[in-house]
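Asker: Provided below for reference: sequence and predicted model.
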Protein chains: 2
Amino acid sequence: MRNLVIIGGSDAGISAALRARELNPEITPTMIVADNFPNFSICGLPYYISHEVADWKNLAHRTKEDIENAGINVLLEHTAQSINTQSKQVTVADASGNLKILDYDKLVIGTGAVSMKPQLAGLDLPGVFFLRWVPESIAIDEFIKKQNPKTALIIGAGYIGMEMSEALSKRGLTVTVVEFLESVLPSVDVELGNKVRETLVKNGVSVHNTIAIESISKNGNRLIVKGSKGFEISTDMVLVSVGSVPNTGLGKSIGITTGIKGAFKVNLKMETNIPDVYAAGDCVETWHRIMQKYTYLPLGTVAHKQGRIAGENAVGGTSEFAGSLGTQSVKIFDTVVARTGLNDKEAAQGGFMPVSADFETWDHKLYYQPAEKIFIRVTADKKTRRILGAQMLGAYKTEISKRIDIFSAAIYHEVTMDGFSSYDLSYTPPLSSPWDPVQMAVHAIEKKCNPADS
Amino acid sequence: MRNLVIIGGSDAGISAALRARELNPEITPTMIVADNFPNFSICGLPYYISHEVADWKNLAHRTKEDIENAGINVLLEHTAQSINTQSKQVTVADASGNLKILDYDKLVIGTGAVSMKPQLAGLDLPGVFFLRWVPESIAIDEFIKKQNPKTALIIGAGYIGMEMSEALSKRGLTVTVVEFLESVLPSVDVELGNKVRETLVKNGVSVHNTIAIESISKNGNRLIVKGSKGFEISTDMVLVSVGSVPNTGLGKSIGITTGIKGAFKVNLKMETNIPDVYAAGDCVETWHRIMQKYTYLPLGTVAHKQGRIAGENAVGGTSEFAGSLGTQSVKIFDTVVARTGLNDKEAAQGGFMPVSADFETWDHKLYYQPAEKIFIRVTADKKTRRILGAQMLGAYKTEISKRIDIFSAAIYHEVTMDGFSSYDLSYTPPLSSPWDPVQMAVHAIEKKCNPADS
């Protein structure tokens, strides 16, 4: 093993490179990065657009120099053109089109995902944006500075749509969100989505659900967006955030098998079906630890873990991906929403007998003011009493995101309600209660499962 | 089973009563409470003294009416005088000394602890206080209001001493803390204690370590406190907070076996050696889940769990206490300190091969301002790679207390460093990093264990 080549310089690629070098300081991994922005926090882009982050350069997890100092060879503005699996070579082109050939012993593909482009007229019009990479966020920022738009329409109420509704509001735009499904933030249940909707409306954002957008057209300086049920709006700019699809063209060209949404199939070692070729991050299928099947979960946390495993195994390791629980959190204005594991519907699909309970309480002892209400929904399996999932919503800085992580650790270990109740969780009046709210929520679901408790 | 009698109306007693009634709505547990303050949050007393809590009545977890509405018979200002284990009767006296006899089928003793009184002249002087119960906090408040003290000396830098240094500072007193051991907050390692000391000093509190207090005397209106190494100070009031000892006189009179510090010996079902007599809370020895032996850990969280188990088993259950990890958190001015599991010294005593790593990082992505530094020390076993403990310190509202709980859940399940690294923890830039700081800290200790990583 001498040559480790990594295609892609975002979460998966950089994690693979760092881990490989950490375990084997003899090698210098080569990382091929299509743009000039290695190891950028794409999750941070909304905060650049909101101007909470003054300079987009601050969004880099590491600078090129940091990466090189860690012993990694970085090729910026290089794109991988082709891979020859017989000679084990990657052909790359620099910004001027000059070709170079890199030998590899092991190859890691972390080509990520691209924004999903819905079947919709008008996506190429000026003022219509997607948001996934640094150049797109710079373009949005420039547009706001130069065109001074007053209104924005966001198509899609997922994580990016939600964060951007706050970001554009903070830039002074009046924002409207349109979502095809029945509630915003469809990654959580409708009841939580409706609470998020309240937050949006309270902050001046208009929300339309169950509308399918059908077209975008131009009328003078305005964009006209039409949808189902007679929806029609005139706006200064449009952000399309309806999800992402794996970027797999190059890998397919060498015969890597694909599955859900066209993502690469990998085993738990992050190996593809092509010898010595690993893949990780938003371009691969992800093993779901509870469902015990593959899903598509393009998340930074997952990409970091998978990249680390690919890097470790590329230098001789035998590490296996433990699986994702779909843990996610997001801050929307002053509200934080988080989830882990399965909701009722997913649990039923997974063959469980789900039961859920809702619980609302204060984040810490009410006498220590100010305390804030937090809402918790816990889902468990009736038969085994195993906890399957949790969803939580509350004010920023009420430890929502790390409270969901107590559930995440618990679910990883397949804990029962009884075990969870035994956890020795910390308590001080300014931060919790003698039973933490997460345990009170589990007591609430225990009562639902035990007919003697009423 | 008809008569359940519970002696004590604090955390253990109330938890036992509630759980018993919840599981068996046919019975009406009788709870004997020595004072007029059932189910008070004694952890909240410092916040009453600081005047952050306006009315001490707000410190009740539940009012007498709440408890009665839950189906529990409450005898306030009643003290249990004696127990007859042959006839299965408890003799109680009301405030006027009138006696009453209560039959029991099952008895739960939750008589708690009392403040430890060091061997020291002058403890009875006016202006010298202990703090454990509501009347003591009212007395301290009255003293401050009437005597208008300018200075206070706190003997003992444990949790109560630390919280009271903040509380008395907030009331305008100049506070000095004296601790016998080499750092404040000795429940965490010296390095963390020293950071707490910085917080105290920054907030105007004077700190003296490795001083043994030897006497308190009166000189006019002032109290003179003398200690080792020539320590001598003149002050307006003194708080003695050097720990607590189990309150076990009544139980000993019926032959309940005692152990560490004189606490009742119980099994995991919270049964004492006397048939049909359970004990729980600050008056019993506590099983330590990692050490696999009994300790003395007078904590509200533990008392709630043990009381719940005693109540469940008193009505026919077979529940077992899973053991404590010694999880604790405390807010001291703007700093939160938390711990769970074992430190190096404890781990070595427990027969492990401990290794610890220190790690400092931001609580969330630095680009989303303001971010705060948090300090994490993780302890693991070299041989098994099992995580044994964690200590953490950072600013209030940086999710320190629930981050320690991720470790607590992990340690409950005897996770290894590798397993912990596999946890699917939540990430959004305003609240964390793609690897949460707790996982970065575990990566730091992994590197120490793996000579290949350097």
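Answerer: Yep, it's here.

Asker: What's the local residue count around the nearest residue to A:Pro275 once chain neighbours are set aside?
Answerer: Leaving out its chain neighbours, the residue that sits closest to A:Pro275 by Cβ to Cβ, 6 or more residues apart in numbering or on different chains is A:Thr85, at 7.5 Å. All C-beta atoms are positioned from the backbone trio N, CA, C, and that covers glycine. Counted with other Cβ atoms under 10 Å in any protein chain shown, the burial measure for A:Thr85 works out to 15 neighbours.

Asker: List the contacts of A:Thr85.
Answerer: Applying Cβ atoms under 8 Å, 6 or more residues apart in numbering or on different chains, we find A:Thr85 in contact with A:254-255, A:274-275, A:277.

Asker: And these, which of them are buried?
Answerer: A:254, A:274, A:277 (16 or more other Cβ atoms under 10 Å in any protein chain shown).

Asker: Looking at those residues, spot the one nearest chain B.
Answerer: The nearest member of the buried ones among the contacts of A:Thr85 to chain B, counting by Cβ to the nearest Cβ, is A:Val277 at 23.3 Å.

Asker: Just give me the neighbour total for the nearest residue to the closest one once chain neighbours are set aside.
Answerer: Among residues not flanking A:Val277 along the chain, A:Leu107 sits closest, at 4.8 Å (Cβ to Cβ, 6+ apart). Using other Cβ under 10 Å, A:Leu107 has 28 neighbouring residues.

Asker: do the same with A:Ser217
Answerer: For A:Ser217, the neighbour count with other Cβ under 10 Å is 12.

Asker: is it true that it lies in a helix?
Answerer: No. Counting by DSSP: H, G, I helix; E, B strand; the rest coil, A:Ser217 is not part of a helix but strand.

Asker: So it is in contact with A:Asp124, correct?
Answerer: No. Between A:Ser217 and A:Asp124 there is no contact under Cβ atoms under 8 Å: 11.6 Å.

Asker: What are the boundaries of the helices in chain A?
Answerer: A:11-23, A:45-49, A:64-69, A:134-147, A:159-170, A:190-202, A:249-253, A:300-314, A:344-349, A:400-412, A:417-422, A:437-449 (DSSP state H).

Asker: What parts of the stretch 1-150 of chain A come near chain B?
Answerer: A:11, A:22-25, A:41, A:43-44, A:47, A:52-53, A:58-59, A:61 (Cβ under 8 Å from any Cβ of the partner chain).

Asker: now do the stretch 201-350 of chain A
Answerer: Within the stretch 201-350 of chain A, the positions lying close to chain B (Cβ under 8 Å from any Cβ) are A:289, A:299-305, A:319, A:321-331, A:336, A:338, A:340.

Asker: one step back: and of the contacts of A:Thr85, the nearest to B:Val92?
Answerer: Relative to B:Val92, the closest of these is A:Val277; by Cβ to Cβ it sits at 77.7 Å.

Asker: Now do the contacts for the closest residue to A:Ala314 other than its chain neighbours.
Answerer: Spatial nearest neighbour of A:Ala314, chain neighbours left out: A:Lys106 (4.0 Å); criterion: Cβ to Cβ, 6+ apart. Shown in contact with A:Lys106 (Cβ under 8 Å, 6+ apart): A:1, A:3-5, A:276-278, A:314-315.

Asker: one more time with 7 Å, if that's ok
Answerer: A:1, A:4, A:276, A:278, A:314 (Cβ atoms under 7 Å, 6 or more residues apart in numbering or on different chains).

Asker: Over to A:Ile224?
Answerer: By Cβ under 7 Å, 6+ apart, the residues touching A:Ile224 are A:217, A:232, A:234.

Asker: Just want the most central residue of chain A.
Answerer: A:Leu299 (3.2 Å; Cα atoms, centre = their mean).

Asker: For that residue, give me the pLDDT.
Answerer: What the model reports for A:Leu299 is a pLDDT of 95.

Asker: Could you list the low-pLDDT ranges of chain A?
Answerer: A:451-454 (pLDDT under 70).

Asker: so who does A:Glu142 touch?
Answerer: Contacts of A:Glu142 (Cβ under 7 Å, 6+ apart): none.

Asker: For A:Trp56, see how far away it is.
Answerer: Counting by Cβ to Cβ, to the nearest Å, the gap from A:Glu142 to A:Trp56 is 11 Å.

Asker: intersection of neighbour lists for those two?
Answerer: Overlap of the contact sets of A:Glu142 and A:Trp56 (by Cβ under 7 Å, 6+ apart) is empty.

Asker: Count the neighbours of A:Thr28 for me.
Answerer: Neighbour count of A:Thr28, defined by other Cβ under 10 Å: 15.

Asker: Who are the contact partners of it?
Answerer: Applying Cβ under 7 Å, 6+ apart to A:Thr28 gives the contacts A:71-73.

Asker: tell me which of these is nearest to B:Gly350?
Answerer: Nearest member of those to B:Gly350, counting by Cβ to Cβ, is A:Gly71, at 38.7 Å.

Asker: Now for the closest residue to the closest one other than its chain neighbours, how many residues are close by?
Answerer: Sequence neighbours aside, A:Arg21 is the residue nearest to A:Gly71 in space, at 4.6 Å (criterion: Cβ to Cβ, 6+ apart). Close neighbours of A:Arg21, defined as other Cβ under 10 Å, add up to 20.

Asker: got a list of what A:Arg21 touches?
Answerer: A:27, A:29, A:70-72.

Asker: and these, which are buried?
Answerer: The neighbour-count criterion (16+ other Cβ under 10 Å) marks A:27, A:29, A:71-72 among the contacts of A:Arg21 as buried.

Asker: from these, which two are the most distant?
Answerer: A:Ile27 and A:Ile72 (9.8 Å).
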